[in-house]
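Undergrad: next come a sequence and a model predicted from it.
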Amino acid sequence: MQTEQLKGVVVAALEDLKGADIRVIDVKGRCSFTDVMVFASGTSDRHVKSLANNVVEKVKEAGVRPLGVEGLDVPATEWVLVDIGDVVVHVMLPQARDFYQLEKLWATPASGEVAPSVGA
């Protein structure tokens with residue numbers, strides 16, 4: 001399955017269960033282990049787990065086997081990571097997402113690129 005199709009399956013799976021603040025970041029060329037990172041927030045630890053489980057279920061239905069899932073077996077988890085190879089999915093509680101700020105890290109331009117200006 002192509003990366004774009006896989007990304008679409010992931011985003012649809014998150015939207016199906018009302019994942020919040022879904023953000024997709026292309027990290028191709030800046031990262032050696034994946035091409036796309038998808039971030040989403042859940043409203044509770046149960047919601048985070050349900051979102052991640054739905055992603056796993058939907059990609060399996062599409063014929064792709066996830067390489068790994070971390071955080072599903074942790075009681076009261078704040079973060080579940082689903083590694084699907086070309087796409088890595090982070091489902092987090094909002095406070096964990098704010099604390100780690102992974103999107104800010106990965107959205108930063110690679111050396112030689114010009115950062116977009118924010119505000120004016």
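TA: Cool, got the structure.
Undergrad: give me the mean pLDDT for the top helix by length along the chain.
TA: Counting by DSSP state H, the longest helix found in the chain is helix 45-61. On average, the pLDDT along helix 45-61 is 97.
Undergrad: buried residues of it, list them for me.
TA: Neighbour-count burial for helix 45-61, counted by 16 or more other Cβ atoms under 10 Å, picks out 45, 47-56, 58-59. Where C-beta positions appear, they are placed from N, C-alpha and C, glycine not excepted.
Undergrad: any idea which helix or strand comes after it?
TA: strand 68-70 (DSSP states H and E).
Undergrad: got the CA coordinates for the lowest-mean-pLDDT helix or strand in the chain in CSV?
TA: Lowest on mean pLDDT, DSSP states H and E among the helices and strands of the chain sits helix 102-107, with a mean of 88. Output of helix 102-107 as CSV, limited to C-alpha atoms (Å, rounded to 0.1, in the frame of the first residue of the first chain):
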residue,chain,number,x,y,z
LEU,A,102,6.7,16.4,19.2
GLU,A,103,4.9,18.2,16.4
LYS,A,104,7.0,21.3,17.0
LEU,A,105,10.2,19.2,16.8
TRP,A,106,9.2,17.4,13.6
ALA,A,107,7.6,20.5,11.9
